[in-house]
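**Q** sequence first, then the predicted structure:
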Amino acid sequence: MLYDRLENIEQYTGLFENLDTAIAYIAEHDLDELPEGRTDIDADKVFVKVTESDTCASEEREFEMHEKYMDIQIDLAGVELFEVALGELEEAAPYDEQTDAGLYKAPLSCAGVLGEDRFVVFMTGEPHKALVRAAGCDRVRKAIFKVARD
């Protein structure tokens, strides 16, 4: 996981070629201008989905884990919490190749705050939970960059 202020995102280039493509796009574009839905950046290697979603209590969400794509998540409006699972995982739903996600339960996690010009990168194989309600924020508009592992 990478977690930082958006103004520092260019410091994370050099890890993966497709991640560099996504970072360059983020640095060069006004993300608030992105339309709802999917925007292709480099075909199926790098694309972004803009969504508006309700947040909910942590207990109402499962951890998800991807095999093909890393996520770069950026809140465009609103604030949410995210969690990363620690320790043993219990499968809640098997991996689905079409959605590139399996769902899990975990007894331990660490949490962070998204929004306020922050970003988080969840690597492939990293169980994470997004859209966890932060105090006073029931809905967020966010950009989720899907970045294929090189």
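**A** Arrived safely. Values in this document were obtained by computation on a predicted structure and should not be read as measured data.
**Q** avg pLDDT for stretch 134-150?
**A** The average pLDDT for stretch 134-150 rounds to 95.
**Q** that stretch: end-to-end distance?
**A** Terminal residues of stretch 134-150 lie 34 Å apart, using CA to CA, to the nearest Å.
**Q** how about it: buried residues?
**A** Of the residues in stretch 134-150, those scored as buried under the neighbour-count criterion (16 or more other CB atoms under 10 Å) are Ala134, Val140, Lys142, Ala143, Ile144, Phe145, Lys146, Val147, Ala148, Arg149. Backbone N, C-alpha and C define where each C-beta goes, glycine included.
**Q** who's in contact with the residue positioned nearest the centre of the chain?
**A** Residue closest to the average C-alpha location in the chain (CA atoms, centre = their mean): Gln73, at 3.5 Å. Gln73 makes contacts with Phe82, Leu114, Phe119, Val120, Val121, Phe122, Ala130, Lys142, Ala143, Ile144, Phe145, as judged by CB atoms under 8 Å, 6 or more residues apart in numbering.
**Q** go through these and flag which are in strands.
**A** Restricting those to those inside strands, with DSSP state E as the criterion, leaves Phe82, Leu114, Phe119, Val120, Val121, Phe122, Ala130, Lys142, Ala143, Ile144, Phe145.
**Q** still on that earlier bit, and the gap between the residue nearest to the centre of the chain and Glu90?
**A** For Gln73, the distance to Glu90 (CB to CB, to the nearest Å) stands at 24 Å.
**Q** mind listing what the worst-scoring helix or strand of the chain on mean pLDDT pairs with, with the direction of each?
**A** Using mean pLDDT, DSSP states H and E, the weakest-scoring helix or strand in the chain turns out to be strand 108-114, at a mean of 94. Using DSSP bridges, the strands paired with strand 108-114 in its sheet are strand 80-86 (antiparallel).
**Q** with just CA atoms, put the strand it pairs with into CSV.
**A** Below are the C-alpha coordinates for strand 80-86, written out as CSV (Å, rounded to 0.1, in the frame of the first residue of the first chain):
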residue,chain,number,x,y,z
GLU,A,80,-14.1,8.1,3.6
LEU,A,81,-12.1,5.7,5.6
PHE,A,82,-10.2,2.7,4.2
GLU,A,83,-8.8,-0.4,5.9
VAL,A,84,-6.1,-2.9,5.0
ALA,A,85,-6.4,-6.5,6.4
LEU,A,86,-3.8,-7.8,8.7
